[in-house]
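**Q** this is a predicted model, with the sequence first.
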Amino acid sequence: MTEDKLFEDLFSKYKPEMNSDDEFMAALSKKLAAVEFVKQYYEKEVRLYRRFVVVAAMCGVVIGMIFYHWLLSLPDNVPLFSFGIQTQLFVFIEQNSKYIMLVLFSIFMVVMYILIFNIYSHLSDTCRHKQFQSLIE
């Protein structure tokens, strides 16, 4: 009960000043212009981020192809790295270093493509959500 009385007193004391319609419309159009500016800026940023994601994916593909070509063109009997230790594990790694690097780089590329796809799909979902909100309004 006391909360209802408190709200009633609060609203009874509120007397908004009535401006002319022209002032109200000018203030409203100024606020709407600011909202439109922010909306356009946001859309521009999303388009820019999408371009960056596509460029990053294409650069990754090209660099990956160059790296695979370089790695596969190396002679089989030349190890990529040498430990200088003659234990069985290190000798195995030295002899198969080319294939181990192919596997590691492939895993790295798959993880990077998954990350890029998630970023791109997040940006797409953000745009779809924004378009849906504009339909509601």
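**A** Yes, it's here.

**Q** next up, the contacts around S29.
**A** When the contact criterion is Cβ atoms under 8 Å, 6 or more residues apart in numbering, S29 has no partners at all. Using the backbone N, CA and C atoms, a C-beta is placed for each residue, glycine as well.

**Q** just say helix, strand or coil for it.
**A** Here S29 takes the helix state, with states given by DSSP: H, G, I helix; E, B strand; the rest coil.

**Q** for the residue nearest the centre of the chain, what are its contacts?
**A** Per Cα atoms, centre = their mean, the C-alpha nearest to the average position across the chain is that of I119, at 3.7 Å. Going by Cβ under 8 Å, 6+ apart, I119 touches V53.

**Q** let me see the mean pLDDT of the helix or strand encompassing it.
**A** Using DSSP states H and E, I119 sits within helix 97-136. Computed over helix 97-136, the mean pLDDT rounds to 75.

**Q** what's the neighbour count on V53?
**A** V53: 20 surrounding residues under other Cβ atoms under 10 Å.
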